[in-house]
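> need the 3D shape of this:
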Amino acid sequence: MTEQDYAKIVAKNLKRIAYDRGKSQADISRDLGISKQTLSSWMNGNRLPRMSKIDRLCNYFNCLREDILEPHADNFFYGGELKRISDFDIRLIEAYHAAPIGRQESVRSLLGLEV
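Take a look at the predicted model:
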C-alpha cells in the first residue's frame, strides 16, 4: 500500500471514531492543540499524522493504534449477534444502489427477496 492509501484509511477511521465519540474537528483541534488545517488534512486523507500524534489521538479517543491505523470493518448487531460488514460488502451495496432499477429488481429476485 502507498502512503496515500494509509492516509485514506486513517482519515476514514478518524472520522468514524470522532463521530462515534460525538467530537467535531473543532473539538479535537481545541482539545489537543492541533491546528485546524493540520487536523483537516489528516481527516481528508491528504497527510498522515506522525506516530506521536497518533498516540495523542489514541489517548484522546481512548482507543488502540490499530483502531486508527488499520482498515476497519464496520460492526453491527443483527438478530442479537455481532456482525461485520467488510469493505467488499460496502462495495456491493454501493454497486447495487448505483445500478438501474431493473437490475436492482433482478438482484432482489435472484436472492429471493420481495421486489
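
> tell me the mean pLDDT for the helix or strand containing Asn59?
Here Asn59 sits within helix 51-61, counting by DSSP states H and E. Averaging pLDDT along helix 51-61 yields 97.

> what's that helix packed up against?
helix 3-21, helix 25-32, helix 65-69 (3 or more Cβ pairs under 8 Å, 6 or more residues apart in numbering; DSSP states H and E). Where C-beta positions appear, they are placed from N, C-alpha and C, glycine not excepted.

> domain ranges for the protein?
Domain assignment of the chain by automatic domain parsing yields the ranges 3-69, 74-110.

> against Asn59, how distant is Arg21?
For Arg21, the distance to Asn59 equals 13 Å [Cβ to Cβ, to the nearest Å].

> these two - which one has more neighbours?
More neighbours surround Arg21 than the other of Arg21 and Asn59, with 13 against 10 (other Cβ atoms under 10 Å).

> hey, which helix or strand in this protein has the poorest pLDDT?
Least confident helix or strand, the chain: strand 74-78 with a mean of 61, by mean pLDDT, DSSP states H and E.

> the closest residue to Arg56 other than its chain neighbours: neighbouring residues, count only.
For Arg56, ignoring the flanking residues on the chain, the nearest one in space by Cβ to Cβ, 6 or more residues apart in numbering is Leu32 at 5.8 Å. By other Cβ under 10 Å, the residues close to Leu32 number 13.

> ok, Leu32 - contacts?
Leu32 sits next to 56-57, 60 when contact means Cβ atoms under 8 Å, 6 or more residues apart in numbering.

> how about those residues in JSON lines, adding distance to Ile90 and neighbour count?
As requested, the contacts of Leu32 are arranged in JSON lines below (distance: Cβ to Cβ, whole Å; neighbours: other Cβ atoms under 10 Å):
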{"residue": "Arg56", "distance to Ile90": "29", "neighbour count": "16"}
{"residue": "Leu57", "distance to Ile90": "24", "neighbour count": "24"}
{"residue": "Tyr60", "distance to Ile90": "27", "neighbour count": "17"}
